[in-house]
Each structure stands twice: as C-alpha cells, then as structure tokens.
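**Student:** Turn this into a model:
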Amino acid sequence: MPEQEQYDAIVIGGGPAGLAAALWLRRYERTVRLFDAQDPRNKVTWAVHGYFGVDEPSPLELRRIGREHAVAAGAELEAAVVKTVAGQEDDFTVTLSDDREFRARRILFATGLKDIKPEIPGFDELYGRSIWHCPDCDGPGVRGKKVAILGWGTAIARYALYFLTWTDQLTVLTHSHDRDMSPEALETLAEHGIRVDKRAITRFEGENGCLRAVVFHDGAEEPFDALFFHIATGAGSTLPQDMGCAIDEEGILEVDRDFATTIPGIHAAGDITPGTRLVIRAAYEGTRAAIGIHKSLIPPEEKVKKR
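**Tutor:** Residues are numbered from 1 along each chain as shown. Modelled structure (predicted):
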C-alpha cells in the first residue's frame, strides 16, 4: 500500500501480541501494517515454555513462525523503529526513524516491557540459560534445585515465596541493598527456611550457560543451580504515554474489555497491559485486541439500531 493511503490499523511491536493481532486483523479483512524494532525482551531465553501446541521453540523461532503466518494472511510487516505517533481516532500518522509517514484509522501498541538487569560480571553470559526473571516461565525447570533470588524490598519476599511451588532451597540475595522488608515478610521467609543474604555480589561463576556459584565481595562463594532476579521493569516504548494513554506507576496501560486504551482509537496488548507476563497470554491479548479493533471499525449501518 502506498505511504499516503490509510491502513485500517497499524501495529507497533512484533512480538506474540503484535503478530497475533496482525494475523487476526487480516482474518477480518482489515488492512494492517506492523512495525517491529526487533529487540524482544525474551530474545536471550533458550525456549518458550508452556505454549499450547508448540514444542518449546526459541523466542526468535516462534516470532519467525508468527511472521510467516501474518504475511501469508496478507499483513504488511517491516523491521523499523517508530519515532512518533500523532493524530486522533480515524486519522493517525505514524512517523518512522527515517521520517517516512504512514496513516491509520486505529493504532495497536504491543511494545512490551524491558527488564532492569543487575550490572554484575558474569550475568550476561548466564542470562537466559540459568539466570531468569519469570517464575511462571522457568520456575518448573528448577524443581528441587538450589535457587538464588536477587532483589530487595518486601516485593522480593513475595517473589521468593512464589518459588516454594517448585523448591524449598531458596536464598534471597539483596546485593548490599537495604532489605527494607516488613517484619511480616521477614517472619514469613524465616518460617519457610528462606535465608536473606545482604552481602554484595562480586560476580557469577558458571560454564556453558550453567550457573555454578555466586561470589561475594568478602571472597566467599556459594554454589547455586539457578538464579532469578526481580529488580524493576520499564516500558518498552514511551509512545503510548506520549499519546496520553493512562498508565500506572509501573508504566502499565489501562485498557477495557476490548483492549482499548483511554485514548479513542488506540488499543494495547501484551506485557504493557495488566496481567501475567506469558507469551501465550500475549498472543491471546493480541487476538482479542484485533477483534476489538475490528468491531470498532464496523460502520453503524451494519449494526442493528437500538430503539
């Protein structure tokens, strides 16, 4: 489609949510173009777990399959960075980093989140293989193993307790940060035999992607089989906020049952909306958002009039 013509929808973000939305928009005969910055949150993870009907593909392989399906359905996909979104319902303009402009009646943000990672030597070499951030995704893989939980504050206590589903060999590492946990949190951790270690971490030791030990500033080291971290997350893009979409203190967008944001004509799906951070959930939300967009584009004369 020529740049000056108008799409029914432009999808920003090419992960499971965005690709599912593009596929389903085409099933409803909607013209759609998807722009993807190609920097997925889970790109270092070795496999996508628990995705019904698919045998644990890598995140990039699942995206490849999703792109093939969307393109086969007639969606237009492009690797590109979106610089700005402007306009209003039925007349949005999307400007790319190379200043090309595209018009659309609806916008879907599927821009995801980014994890704040600790800057500790050895982390990057093990991240995605034996260091993870998502207990729902990778918790089942550490059944009965010795696991370190990196983070601080009462939130990390709740996070650590979640792992009791799979193992009781748990240690919270605060990396010299003030624990700042409520007495109730500390008491609950102690009741379940979960230690809290405040020592600063010097580095992570491992081989072939497998964590072997955590080395502390005092020279001591402790063996662990795996480590999960929970520090903070940030929005993958500020574009929704720039458009005025309502967000919470963590950058999560407010959406309704059709995954419409508080700005008319703008929808959102995936990790930037409330809920668990699962690939299968993101794909569902992209599908549901596509249905919501399609319904919003049905002209009044094709609907039964209300008396």
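**Student:** who are the neighbours of whichever strand in the chain runs longest, in terms of helices and strands?
**Tutor:** Looking across the chain with DSSP state E, the single longest strand is strand 101-109. Secondary-structure packing of strand 101-109 (3 or more Cβ pairs under 8 Å, 6 or more residues apart in numbering; DSSP states H and E): strand 6-12, strand 91-96, strand 266-268, helix 279-297. The way it works is simple: take the backbone N, C-alpha and C, and place the C-beta from them, glycine included.
**Student:** most neighbours per residue, which of those?
**Tutor:** Among the helices and strands packed on strand 101-109, strand 266-268 has the highest mean neighbour count (mean count of other Cβ atoms under 10 Å), at a mean of 28.
**Student:** And that strand, how far out from the chain middle?
**Tutor:** With Cα atoms, centre = their mean, to the nearest Å as the basis, strand 266-268 stands 16 Å off its chain's centre.
**Student:** Give me the phi and psi for residue 232.
**Tutor:** phi -170, psi 160 (degrees, to the nearest 10).
**Student:** I should have written residue 30 there, sorry.
**Tutor:** phi -90, psi 140.
**Student:** That one touches residue 295, doesn't it?
**Tutor:** No: the criterion here is Cβ atoms under 8 Å, and residue 30 misses it with residue 295 at 11.0 Å.
**Student:** Quickly list the domain ranges of the chain.
**Tutor:** 6-114+233-302, 118-229 (automatic domain parsing).
**Student:** Identify, out of these, the most deeply packed stretch.
**Tutor:** Using mean count of other Cβ under 10 Å, domain 6-114+233-302 ranks as the most buried of the domains of the chain, with a mean of 19.
**Student:** Could you check how far the residue nearest to residue 117 when sequence neighbours are not counted is from residue 226?
**Tutor:** Residue nearest to residue 117 in three dimensions, not counting chain neighbours: residue 123, with 6.6 Å by Cβ to Cβ, 6 or more residues apart in numbering. For residue 123, the distance to residue 226 equals 13 Å [Cβ to Cβ, to the nearest Å].
**Student:** now do residue 220
**Tutor:** Residue 220 is 19 Å from residue 226, by Cβ to Cβ.
**Student:** can you check residue 117 too?
**Tutor:** Residue 117 is 16 Å from residue 226, where distance means Cβ to Cβ.
**Student:** What of residue 255?
**Tutor:** 34 Å.
**Student:** those helices in this protein, which residues are they?
**Tutor:** 16-27, 59-73, 123-126, 135-138, 154-162, 183-191, 239-242, 279-297 (DSSP state H).
**Student:** Using CSV, list the CA coordinates for the longest one.
**Tutor:** If I follow you right, that is helix 279-297. What follows is helix 279-297 as a C-alpha-only set of coordinates in CSV (Å, rounded to 0.1, in the frame of the first residue of the first chain):
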residue,chain,number,x,y,z
VAL,A,279,3.8,-15.5,25.7
ILE,A,280,0.6,-17.4,25.4
ARG,A,281,-1.3,-14.7,27.2
ALA,A,282,0.2,-12.0,24.9
ALA,A,283,-0.9,-13.9,21.8
TYR,A,284,-4.4,-14.1,23.2
GLU,A,285,-4.5,-10.4,24.0
GLY,A,286,-3.3,-9.5,20.5
THR,A,287,-6.1,-11.6,19.1
ARG,A,288,-8.6,-10.1,21.5
ALA,A,289,-7.4,-6.6,20.7
ALA,A,290,-7.7,-7.3,16.9
ILE,A,291,-11.3,-8.3,17.5
GLY,A,292,-11.9,-5.1,19.4
ILE,A,293,-10.4,-3.0,16.6
HIS,A,294,-12.4,-4.8,14.0
LYS,A,295,-15.7,-4.2,15.9
SER,A,296,-14.8,-0.5,16.4
LEU,A,297,-14.5,-0.2,12.6
